[in-house]
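Novice: here is a sequence together with a model predicted from it:
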Amino acid sequence: MRTLLMRNMPKRRPQKAVELLLVPMIDIFTVLVTFLLMTAVFSRITILQLDLPSSASGPTSEPKFRLEVIIRQDGLQLTNGNALISDIPRVDGSYDLKALSEQALALRQEHPDVKDASVLSEPRIPYDDVIQVMDAIRSAEESPGKRVKLFTNIAIGDAP
């Protein structure tokens with residue numbers, strides 16, 4: 001009986017051990033990592049410490065001089081709180097940042113102990129313009145190759 005059953009059973013082939021080929025996977029990952037590194041954007045992010053107004057702050061003593069740069073649609077205004085120092089109109093559709101740096105350098109030389117400034121902007125002023133104005137009053141080029149720090153403590157807010 002046993003032989004009769006054996007004859008009717010199909011013959012089994014010997015099974016090979018399954019091999020996992022890692023070389024093609026390593027090649028794919030190498031190409032993928034190379035592609036990602038070549039297309040990655042490496043950017044430098046700078047973080048500024050800004051002073052934001054707070055309603056909970058107690059009474060403070062007003063400084064003798066505090067530069068305020070008001071960004072308007074038609075130009076820039078430099079004030080000392082209430083008194084207007086100068087108007088810088090737009091030139092060819094953009095803000096005159098060089099004139100702003102020169103004015104800030106002159107004001108810094110008049111008031112060497114003051115480091116505080118405020119940047120106040122009207123609604124709908126592009127963010128990039130606000131950043132450029134902040135950079136213009138933070139430092140300026142005094143002579144070729146020599147940069148000077150101007151007003152480094154910057155507060156931001158809405159224009160009156």
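Specialist: Thanks, I have the structure now. This is a predicted model, so every value here is computed, not measured.
Novice: helices of this protein, residue ranges please.
Specialist: Here the chain has its helices, by DSSP state H, at 2-8, 23-39, 97-110, 127-138.
Novice: let me have the ones you listed in JSON lines, extended by distance to residue 151.
Specialist: C-beta here means a position set from N, CA and C on the backbone, and glycine is covered the same way. JSON lines is the format used below for these (distance: least, CB to CB, whole Å):
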{"stretch": "helix 2-8", "distance to residue 151": "98"}
{"stretch": "helix 23-39", "distance to residue 151": "39"}
{"stretch": "helix 97-110", "distance to residue 151": "6"}
{"stretch": "helix 127-138", "distance to residue 151": "5"}
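Novice: beta partners for residue 88?
Specialist: Beta-bridge partners recorded for residue 88 (DSSP bridges): residue 76.
Novice: what's the neighbour count on it?
Specialist: Per other CB atoms under 10 Å, the neighbour tally for residue 88 reads 18.
Novice: list the contacts for it?
Specialist: 75-78, 95-96, 99-100, 103 (CB atoms under 8 Å, 6 or more residues apart in numbering).
Novice: which of the residues you listed tops the neighbour count?
Specialist: Most neighbours among these, by other CB under 10 Å: residue 76, with 23 neighbours.
Novice: next one, pLDDT for that one please.
Specialist: pLDDT for residue 76: 95.
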